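> Here's my sequence, what's the structure:
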Amino acid sequence: MRFSVYQVSRKGGREKNEDRMGYCYTRDSGLFALADGMGGHPEGEMASQIALQTMAALFQRDAKPMLKDPIRFLHDAVIAGHHQLLRYATERALVDTPRTTVVACVMQNGAAYWAHCGDSRLYLIRGDKLIARTRDHSYSELQETLNGVVAMGERFNRNVLFTCLGSPGKPVVDTVGPLLLHQGDRVLLCSDGLWGTLSDQVITDQMATRPIADAVPELVEMALRKAGAKSDNVTVLAVEWESSEDYDSTRGISTQSLGEEVFASTIQASVMGQEPDELDEAEIERSIREINEAIKRSSQKKP
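From the prediction side, this is the model:
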């Protein structure tokens, strides 16, 4: 398995960065994920952190070195993140639960699988074509979809979501896959700070015509410039699939030489894109311990 990856997260005009991103991989499988902590609720940065930490811990447990059922894994890992947020809020007697969106992609066996909850997006670009994009769990996108079927009334704000992790009801999780990957396919995960400012066409054009190491930072800068002083957090993670071993790349990661038990991850307790003191590290460490303990108990219950 070979791939190139590039990621950027910028605070924009907000007081803090509540987005999180990262990836982890074994010899035969890779997980790429992004979460956007929701404003208007407490500790958005903690919500996105816990969601990704949960997914990474479950991936480390289940990818040995390949996931048996990537779609099932993605669905269950997203729901597990939701349960961890509810538990976090209950144990700290929070009046409201921290909430986050999440989008994640698994690549293995030459195919991509993905899942999302909320309005963080995945784009799959092949050549100069947009092959697939997630559909936001927002009332405005639902309204747009239904307009051709039944007349709809007043337009909804695009920021109003009908599902997310940490909400009172069970989250809606959409899953897709497998979709066979071609050499050079590019998968982009992003928060709404990017797509809310730039069109799908602009995102596709940039990803189709430039190396991802150039396209990703340029897209982020374009979004920040266009949004101005009131810009949201802008976070982008892009992966270029390189299935051929002789593919010429100076930025590629090859997993061929890894042993079956090797696990690598950039999804850690460290804070990406902001000052270290913007999060209580003791709280992060405690939440990670709780996640790992919960996973261990869950494993012990299985026959």
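
> neighbouring strands for the helix or strand hosting residue 123, and are they parallel or not?
Assessed by DSSP states H and E, residue 123 sits inside strand 121-126. Strand pairing for strand 121-126, using DSSP bridges, gives strand 129-133 (antiparallel), strand 186-190 (antiparallel).

> May I see the ones you listed organised as CSV, with distance to residue 197 added?
Heads up, the C-betas are built off the backbone N, CA and C, glycines and all. Listed next are these as CSV, based on distance: least, C-beta to C-beta, whole Å:
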stretch, distance to residue 197
strand 129-133, 16
strand 186-190, 11
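
> can you give me the helices in the stretch 51-200 of the chain?
Along the stretch 51-200 of the chain, counting by DSSP state H, counting those that start in this stretch, helices occupy 70-91, 139-146, 192-195, 200-209.

> Can I get the longest one as CSV, trimmed to CA atoms?
The reference is to helix 70-91. Only the C-alpha atoms of helix 70-91 are listed here, as CSV (Å, rounded to 0.1, in the frame of the first residue of the first chain):
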residue,chain,number,x,y,z
PRO,A,70,-14.4,-1.5,6.8
ILE,A,71,-18.0,-0.3,6.5
ARG,A,72,-19.0,-1.9,9.8
PHE,A,73,-15.9,-0.5,11.4
LEU,A,74,-16.5,3.0,10.3
HIS,A,75,-20.1,3.0,11.4
ASP,A,76,-19.3,1.5,14.8
ALA,A,77,-16.3,3.8,15.4
VAL,A,78,-18.4,6.9,14.7
ILE,A,79,-21.1,5.7,17.1
ALA,A,80,-18.4,4.8,19.7
GLY,A,81,-17.2,8.4,19.5
HIS,A,82,-20.7,9.6,20.1
HIS,A,83,-21.0,7.4,23.2
GLN,A,84,-17.7,8.7,24.5
LEU,A,85,-18.9,12.3,24.3
LEU,A,86,-22.1,11.5,26.2
ARG,A,87,-20.0,9.7,28.9
TYR,A,88,-17.6,12.7,29.0
ALA,A,89,-20.5,15.1,29.6
THR,A,90,-22.2,12.9,32.2
GLU,A,91,-19.1,12.3,34.3
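
> Buried residues in it, which are they?
The neighbour-count check on helix 70-91 (16 or more other C-beta atoms under 10 Å) flags 70-71, 73-82, 84-85, 87-89 as buried.

> Quick check: the gap between residue 90 and residue 41.
15 Å (C-beta to C-beta, to the nearest Å).

> Poorly predicted segments of this protein, please.
Filtered on pLDDT under 70, the chain yields the residue ranges 142-159, 243-251, 268-303.

> Mind doing that once more with 80?
Along the chain, segments meeting pLDDT under 80 span 140-159, 243-252, 268-303.
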